[in-house]
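Student: Show me the folded form of this:
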Amino acid sequence: MRAVLCGYYGKGNGGDEALLAALLQMLPPQVKPLVLSGNPIETQTRYGVAACDRFSVTAVLQALRQSEALIWGGGSLMQDVTSAISPLYYAGVMGLAQQMGLRTIAWAQGIGPLTRPLTRWLTRQVVTHSTAISVRDVGSANLVASWHVPFMLAPDPVWALESEPVPGLWDLPAPRVAVALRPHPQLTPQRLDIFTQALIDFQKASQAYLLLIPFQPVQDLPIAQSIHAHLPETSKILTFTNPRQLKGVFRGVEMTIAMRFHGLIMAAASECRCFAVNYDPKVSQLMQDLNLAGWALDQMPTSSKQISQDWLELYANGEALSSDRIAAIVDRALLHQSVLWDALIASKRN
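Tutor: Here you go, the predicted model:
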């Protein structure tokens with residue numbers, strides 16, 4: 001069986017690449033994937049799978065005609081806060097696949113926010129007509145439940161992604177603290193200055209070596225470079241193209257300070273203490289689910305000393321998730337795999 005995999009793949013976002021890696025890890029071996037990618041050659045090389053240009057109408061149509069299923073895979077694809085065009089693209093591909101008679105799986109979705117009537121209606125239409133649905137958070141579950149559609153709720157599949165060791169990581173000075181920031185309108189230059197000074201104060205007090213990790217370098221790298229310029233001897237910028245190594249880096253750090261949703265998941269899954277900077281409902285929900293320390297970006301303290309003190313308190317006295325709790329979350333995240341097997345293999349046998 002051939003299945004088309006549709007998501008924000010091949011666009012240089014570490015979280016979305018981790019979702020693709022987790023999806024490929026969970027696919028039944030009988031399924032041959034074809035990935036719609038923003039960079040097909042890179043996707044083919046990295047994962048050893050077929051790929052085509054996600055923006056080529058001809059290539060997408062040909063991929064769908066040659067396939068029996070479409071997996072609409074992972075992350076916040078259907079939301080209209082950062083882009084009004086993005087949900088139109090994904091709903092269009094999903095709707096086309098459904099019209100062509102393919103089995104369609106809305107997999108590990110974080111649905112919303114949906115502020116526009118059109119995108120909300122489109123999302124409801126394609127989700128309602130899906131063969132199977134899994135969601136990764138309670139907010140998405142409540143929305144799908146309100147549409148009276150059966151679904152599976154399970155933690156984000158990146159919890160279950162197998163990590164790989166990072167060459168040279170253990171040669172860097174210890175202890176290590178990871179920092180994963182991203183641009184946001186509320187991360188103003190003034191707030192970034194305060195944040196950077198807090199990191200300087202925190203580093204001096206803790207003597208930790210800072211690993212600055214841009215999850216999406218095209219967006220995040222300038223912030224990492226700005227911080228590194230103030231801490232040239234006690235920080236290092238690490239960029240990854242391999243999502244398994246991106247997850248693996250967190251096995252070598254004591255604490256993580258992150259805005260990035262999947263940065264927090266990878267760190268928590270690696271028994272790392274986490275401090276969340278909340279800029280999005282998905283981060284807020286994760287903070288609540290895991291009882292993570294942190295604050296909302298728009299409520300960030302104005303005193304760098306207060307911020308560094310918050311970090312030092314977590315560094316000295318905070319606790320990571322227990323190995324038992326992590327194992328339980330990983331087991332539940334693997335329910336996304338059962339959705340794939342049931343929709344693609346069990347239904348075919350029947």
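
Student: Please identify the buried residues of stretch 335-344?
Tutor: Residues 335-337, 339-340, 343-344 are the ones in stretch 335-344 that count as buried (16 or more other CB atoms under 10 Å). (Each C-beta comes from the backbone N, C-alpha and C, glycine too.)

Student: got the contact list for it?
Tutor: Contacts of stretch 335-344 from elsewhere in the structure, counted by CB atoms under 8 Å, 6 or more residues apart in numbering, are 1, 3, 22, 26-28, 30-31, 69, 71, 103, 105, 107-108, 131-134, 152, 154, 157, 160.

Student: Show the buried residues in those residues.
Tutor: Restricting the contacts of stretch 335-344 to buried positions leaves 3, 22, 26-27, 31, 69, 71, 103, 105, 107-108, 131-134, 152, 154, 157, 160, with burial counted as 16+ other CB under 10 Å.

Student: Show me which of the buried residues of stretch 335-344 is closest to residue 282.
Tutor: residue 336 (16.2 Å; CB to CB).

Student: Restricting to C-alpha, output the helix or strand harbouring the closest one in CSV.
Tutor: Taking DSSP states H and E as the definition, one finds residue 336 inside helix 335-341. As requested, C-alpha coordinates have been extracted for helix 335-341 and formatted as CSV (Å, rounded to 0.1, in the frame of the first residue of the first chain):
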residue,chain,number,x,y,z
LEU,A,335,-1.8,5.0,20.5
HIS,A,336,-1.2,7.1,17.4
GLN,A,337,0.5,4.1,16.0
SER,A,338,-2.5,1.9,16.7
VAL,A,339,-4.7,4.4,14.8
LEU,A,340,-2.5,4.0,11.7
TRP,A,341,-2.5,0.2,11.9
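
Student: Tell me which stretches of the stretch 151-300 of the chain form helices.
Tutor: Assigned by DSSP state H, counting those that start in this stretch, the stretch 151-300 of the chain shows helices spanning 189-206, 217-230, 243-248, 261-269, 281-290.

Student: Just want the angle from the second one to helix 189-206.
Tutor: The one in question is helix 217-230. For helix 217-230 and helix 189-206, the angle between their directions (axes from the mean of the first three to the mean of the last three CA atoms, to 10 degrees) works out to 50 degrees.

Student: quick one: average pLDDT of helix 217-230?
Tutor: Taken as a whole, helix 217-230 has an average pLDDT of 98.

Student: List the contacts of it.
Tutor: When contacts are taken as CB under 8 Å, 6+ apart, the neighbours of helix 217-230 outside the stretch itself are 12, 179-183, 187, 192, 196, 199-200, 210, 212-214, 235-237, 239, 260.

Student: Which among these count as buried?
Tutor: The buried subset of those (16+ other CB under 10 Å) comprises 12, 179-182, 187, 196, 199-200, 210, 212-214, 235-237, 239, 260.

Student: Mind checking which of those are in strands?
Tutor: Among these, the ones falling in strands (DSSP state E) are 179-180, 210, 212, 235-237.

Student: Between those residues, which sits nearest residue 142?
Tutor: Checking those against residue 142 with CB to CB, the nearest one is residue 180 at 28.2 Å.

Student: partner residues bridging the closest one?
Tutor: residue 258 (DSSP bridges).

Student: which residues touch it?
Tutor: Residue 180 neighbours (CB under 8 Å, 6+ apart): 213-215, 220, 256-260, 263.

Student: Which residue is the nearest non-sequential neighbour of residue 44?
Tutor: Nearest non-adjacent residue to residue 44, counting by CB to CB, 6 or more residues apart in numbering: residue 51, 4.9 Å away.

Student: For that neighbour, grab the count of nearby residues.
Tutor: Residues within reach of residue 51, counting by other CB atoms under 10 Å, total 25.

Student: now swap in the one 10 residues further on and tell me
Tutor: Residue 61 has 12 neighbouring residues, counting by other CB under 10 Å.

Student: Check residue 57 too.
Tutor: Residue neighbour count, defined by other CB under 10 Å, stands at 8 for residue 57.

Student: What pLDDT is listed against it?
Tutor: At residue 57, the predicted lDDT confidence score is 96.

Student: again with residue 112
Tutor: The pLDDT attached to residue 112 in the predicted structure is 87.

Student: State the distance from it to residue 131.
Tutor: Counting by CB to CB, to the nearest Å, the gap from residue 112 to residue 131 is 22 Å.

Student: Mind listing residues that contact the host helix or strand of residue 106?
Tutor: Assigned by DSSP H and E, residue 106 falls within strand 103-109. In this structure, residues lying in contact with strand 103-109 by CB under 8 Å, 6+ apart are 19, 22-23, 68-75, 77-78, 94, 97-98, 126-127, 129-136, 140, 154, 156-157, 336, 339-340, 343-344, 347.

Student: any idea of the mean pLDDT in that strand?
Tutor: Averaged across strand 103-109, pLDDT comes to 97.

Student: Each with direction, which strands does that strand pair with?
Tutor: Short version: by DSSP bridges, strand 103-109 pairs with strand 69-75 (parallel), strand 132-135 (parallel).

Student: Convert it to CSV, retaining C-alpha atoms only.
Tutor: Included here for strand 103-109 are C-alpha records, laid out as CSV according to Å, rounded to 0.1, in the frame of the first residue of the first chain:
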residue,chain,number,x,y,z
ARG,A,103,-8.6,6.5,3.0
THR,A,104,-7.7,9.7,4.9
ILE,A,105,-6.3,9.8,8.4
ALA,A,106,-6.1,13.1,10.4
TRP,A,107,-3.1,12.0,12.6
ALA,A,108,-1.8,13.5,15.8
GLN,A,109,-3.6,16.8,15.1
